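[1] let's see this in three dimensions:
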Amino acid sequence: MSLNLPEPIAAYFADENRHEMDALAQCFADDAVVRDEGRIIKGLPAIKEWKAETKRKYQQTVEPLASVERDGKIDVTVRVSGKFPGSPIDLQFVFTLEGGKISVLEIP
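    Residues are numbered from 1 along each chain as shown. Predicted coordinates for the structure are as follows:
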């Protein structure tokens, strides 16, 4: 399914599935924040390491299924498949954009 996602979010998902950590980090603002699995990850170097760590741990692929914009955020329903119990699962990825880049990514 093809979604009409803003460019930095579309690039995030494309880079995620190609396992290109350098390109993936370029989707984020320099001072971006990621909230995932109870952790807060701040800044590009930390985000790049977070993605590399999750790839090693879960070997996941992601497929955006649907999106909705509300309250200045883009909420994307994503099917995540990988090496973890219950795979595949559907998760919400909530993005905030500033200046054409991802400033916040929350994976509740």
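[2] ok, longest helix in the chain?
    helix 44-58 (DSSP state H).
[3] beyond that helix, next helix or strand please.
    Following helix 44-58 in sequence order, the next helix or strand is strand 61-70 (DSSP states H and E).
[4] the longest helix of the chain: which residues count as buried?
    44, 46-48, 50-51, 54 (16 or more other CB atoms under 10 Å). Yep, even glycine has a C-beta here, placed from its N, CA and C like the rest.
[5] which residues of the protein score low on pLDDT?
    In the predicted model of the chain, residues 1-2, 17, 19-22, 25 satisfy pLDDT under 70.
[6] what segments of it are strands?
    Assigned by DSSP state E, the strands in the chain fall at 28-36, 39-42, 61-70, 73-81, 89-98, 101-107.
[7] for the ones you listed, give me TSV that also has distance to N4.
    Output for these, formatted as TSV (distance: least, CB to CB, whole Å):
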stretch	distance to N4
strand 28-36	21
strand 39-42	28
strand 61-70	8
strand 73-81	11
strand 89-98	14
strand 101-107	17
